[in-house]
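S.K.: sequence isn't available, so here's the structure alone:
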């Protein structure tokens, strides 16, 4: 148990340092931006003198670089990402979090669909005795993997919204209504899921092929188990391990992809907020979204590592005290 | 001098001979793999296809009109006088797509070459020597896993301004760790192998061994990764350009899609053709990468 605590302690520490590194890089990018520090942060928007002074005071922008760095770091770590000039000087963090729900409404279904679909398609492609089915799935996967997914979204709009009129092309609910309309959700979720579905199908297929070629499969077969039980009971659990590893990374790409997908569908989530902030050169907001995104990805990575430790029996063994002695 | 000689020489005084990059058998295997790859139907179709895209990108602009001249009727559908129609300002869309290909392909290939170079140098040193280089490389790679390349590229371009060179630099900086991780893992594996140990015992310097024994043998997977990098770089560049980050004077395929966004109802061809170009090029590159991979790993096939 002790060894496991040490492992998680290390994980937390290195994740924290990684977060600091991200903030540091962002800070220096901001320093490299043209204009004086206050202007770099506020961007090109004309702002009131009062707002300007507020930003200068809260980020110590009149102080030397190294002091600014630590003030910035301190601010970010205590949740002060600055104030956005476009929305009545609302704290950036509040603004971002108010958009997070809409993004998650796309990202979570897309994540689930791509994961479950990838596991199924990948397993079928690896296991089937019909070569055309394997080539079909693998071909579909490499195809979807190569499509720019925002363009795929545009095609979906042109076919299913403009030509067929089945789904609304833009927005998350009918005009004047709050909440999320189900028929508004369909196309953006499909768009978001495609690239990841392709990626996971490819990973799952090769992982399943490898798993099926292991000795324990021969053992199971020689015990007379049915091929269905071998597949679901023996091969699948092992083939799933790489899927656990990539799922944290995959959620990151899904969230990053939301920037493009939300622009295609005019979906008012964090991604669209980000794009709008870039257009208006509202740099405080741009950095704020990146920091929230990174923090989310780091947390998901930690959770992934914990799940991996729980599901991989080899890791369970490695961190148990009995085996630690032999390892040391 | 063959591999066996080096092994036998372990007990003898140090031989002063040229180290051998690969045994005859291994390099024969490599040649066979290259031949198998070159003769595949997919290779025979896709390599000329990619070559055609490159040739059109390089020489095409001499044959099409100016991408900026706006004397034609607006939003003219494809066919007839203008093969790909005209855009919302009445500009010849074929000219715009041909010019756009220059930027997209230039970014894709330069980023891939930069990634391969960085990846080989850093990954090779990290995998072969380990120690502090290795630690730093692993940490840097972790960093770019947490901060998605697309997002970092957007921020950097938004803060620093955007031109083609800067975009290439940003993409290379965010994408090289992918190749480097692969090189590192392979270099680690290969440096444990007998013939590298023999070369070490024979007194060749680390860098020499790395250059002539380790790197040639890790090239196949690196070439696969580099091929895939071309596709990913083109995709990420198109995404950046789609949200308006790129050189406004030289619109890439992604930038054309950005302007097409508002004309999905009235000008389907504006969104169709640039996207199709991206798709075909990236697909071709990815299939070639897959098939290269299969040729060099014939054992990783299907189990039956």
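M.R.: Yep, that arrived. Since this is a predicted model, take the numbers as computed values, not measurements.
S.K.: how many other residues sit next to residue A:5?
M.R.: Residues contacting residue A:5 under the criterion other CB atoms under 10 Å in any protein chain shown number 10. To be clear about C-beta, it is placed using only N, CA and C from the backbone, and glycine gets the same treatment.
S.K.: what residues does it make contact with?
M.R.: With CB atoms under 8 Å, 6 or more residues apart in numbering or on different chains as the criterion, no residue contacts residue A:5.
S.K.: with residue A:33 instead?
M.R.: Contacts of residue A:33 (CB under 8 Å, 6+ apart): A:40, A:283, B:159, B:160.
S.K.: distance of it relative to residue A:243?
M.R.: Residue A:33 sits 40 Å away from residue A:243, taking CB to CB, to the nearest Å as the criterion.
S.K.: rewinding a little: for the contacts of residue A:33, pick the one with the most neighbours.
M.R.: residue A:283 (25 neighbours).
S.K.: under the pLDDT cut-off, which ranges of the chain? List them.
M.R.: Since you didn't name a chain, this refers to chain A. Within chain A, the stretches falling below the threshold (pLDDT under 70) are A:1, A:44-45, A:85-89, A:174-177, A:313-328.
S.K.: other chain: chain B
M.R.: B:1-29, B:69-71, B:75-76, B:80, B:82-84, B:90, B:298-304.
S.K.: could you pull out the helices for it?
M.R.: Assignment of helices within chain B using DSSP state H yields the ranges B:3-8, B:24-39, B:41-63, B:93-118, B:124-129, B:131-146, B:149-160, B:164-191, B:194-201, B:206-209, B:215-242, B:253-260, B:268-296.
S.K.: list, one by one, the residues from the stretch 151-300 of chain B near chain A.
M.R.: Taking CB under 8 Å from any CB of the partner chain as the criterion, the stretch 151-300 of chain B approaches chain A at residues B:151-152, B:154-156, B:158-161, B:231, B:235, B:238-239, B:242-245, B:254, B:257, B:260-261, B:264-265, B:268, B:271-272, B:275, B:278-279, B:282-283, B:285-287, B:290, B:300.
S.K.: which of the residues you listed are buried?
M.R.: Buried members of these, counted by 16 or more other CB atoms under 10 Å in any protein chain shown: B:151-152, B:154-156, B:158-160, B:231, B:235, B:238-239, B:242-245, B:254, B:257, B:260-261, B:264, B:268, B:271-272, B:275, B:278-279, B:282-283, B:285-287, B:290.
S.K.: residues touching residue A:180, list them.
M.R.: Counted by CB under 8 Å, 6+ apart, residue A:180 has contacts A:102, A:105, A:172, A:173.
S.K.: what helix or strand does the first one sit in?
M.R.: In other words, residue A:102. Here residue A:102 sits within helix A:92-127, counting by DSSP states H and E.
S.K.: residues near residue B:145, how many?
M.R.: Using other CB under 10 Å, residue B:145 is surrounded by 18 other residues.
S.K.: repeat for residue A:67
M.R.: By the criterion of other CB under 10 Å, residue A:67 has 11 neighbours.
S.K.: how close does it get to chain B?
M.R.: For residue A:67, the distance to chain B (CB to the nearest CB, to the nearest Å) stands at 21 Å.
S.K.: name the helix or strand for that residue, please.
M.R.: Applying DSSP H and E, one finds residue A:67 within helix A:65-77.
S.K.: who are the packing partners of that helix?
M.R.: Other elements packing on helix A:65-77 under the criterion 3 or more CB pairs under 8 Å, 6 or more residues apart in numbering or on different chains; DSSP states H and E are helix A:2-32, helix A:49-59.
S.K.: list the buried residues for the last one?
M.R.: Right, the one you point to is helix A:49-59. For helix A:49-59, burial by neighbour count (16+ other CB under 10 Å) applies to A:52, A:54, A:55, A:56, A:59.
S.K.: and these, which is closest to residue B:190?
M.R.: residue A:59 (49.5 Å; CB to CB).
S.K.: for the closest one, give me its contacts.
M.R.: Contacts here follow CB under 8 Å, 6+ apart; on that basis residue A:59 touches A:37, A:41, A:68, A:71, A:72, A:75, A:82.
S.K.: okay, those in JSON lines with neighbour count next?
M.R.: Conversion of these to JSON lines gives the following (neighbours: other CB atoms under 10 Å in any protein chain shown):
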{"residue": "A:37", "neighbour count": "20"}
{"residue": "A:41", "neighbour count": "21"}
{"residue": "A:68", "neighbour count": "18"}
{"residue": "A:71", "neighbour count": "16"}
{"residue": "A:72", "neighbour count": "25"}
{"residue": "A:75", "neighbour count": "16"}
{"residue": "A:82", "neighbour count": "24"}
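S.K.: which residues does the helix or strand just after the helix holding residue A:67 contact?
M.R.: The helix or strand immediately downstream of helix A:65-77 is strand A:83-84, counting by DSSP H and E. For strand A:83-84, the external contacting residues (CB under 8 Å, 6+ apart) are A:51, A:54-55, A:58, A:89-92, A:95, A:282, A:284-285, A:288.
S.K.: find the nearest non-adjacent residue to the most centrally placed residue in chain A, please.
M.R.: The residue at the geometric middle of chain A, judged as the C-alpha nearest the mean C-alpha position with CA atoms, centre = their mean, is residue A:252 (2.0 Å). Among residues not flanking residue A:252 along the chain, residue A:297 sits closest, at 4.2 Å (CB to CB, 6 or more residues apart in numbering or on different chains).
S.K.: how many neighbours does that neighbour have?
M.R.: By other CB under 10 Å, the residues close to residue A:297 number 25.
S.K.: please apply the same query to residue A:182.
M.R.: Under the neighbour criterion other CB under 10 Å, residue A:182 is assigned a count of 8.
S.K.: using the three-state scheme, assign the residue nearest to residue A:52 when sequence neighbours are not counted.
M.R.: In this structure, residue A:52 finds its nearest non-sequential neighbour in residue A:38, 6.2 Å apart by CB to CB, 6+ apart. On the three-state scheme (DSSP: H, G, I helix; E, B strand; the rest coil), residue A:38 is labelled helix.
S.K.: isn't residue A:38 right up against residue A:56?
M.R.: Yes: using CB atoms under 8 Å, residue A:38 makes contact with residue A:56 at a distance of 5.3 Å.
S.K.: now the contacts of strand A:83-84 as TSV including distance to chain B?
M.R.: Output for these, formatted as TSV (distance: CB to the nearest CB, whole Å):
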residue	distance to chain B
A:51	20
A:54	21
A:55	16
A:58	20
A:89	21
A:90	21
A:91	20
A:92	14
A:95	17
A:282	10
A:284	11
A:285	11
A:288	11
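S.K.: quick revisit: chain center to the helix holding residue A:102: distance?
M.R.: The gap between the average C-alpha position of helix A:92-127 and the chain average comes to 8 Å, counting by CA atoms, centre = their mean, to the nearest Å.
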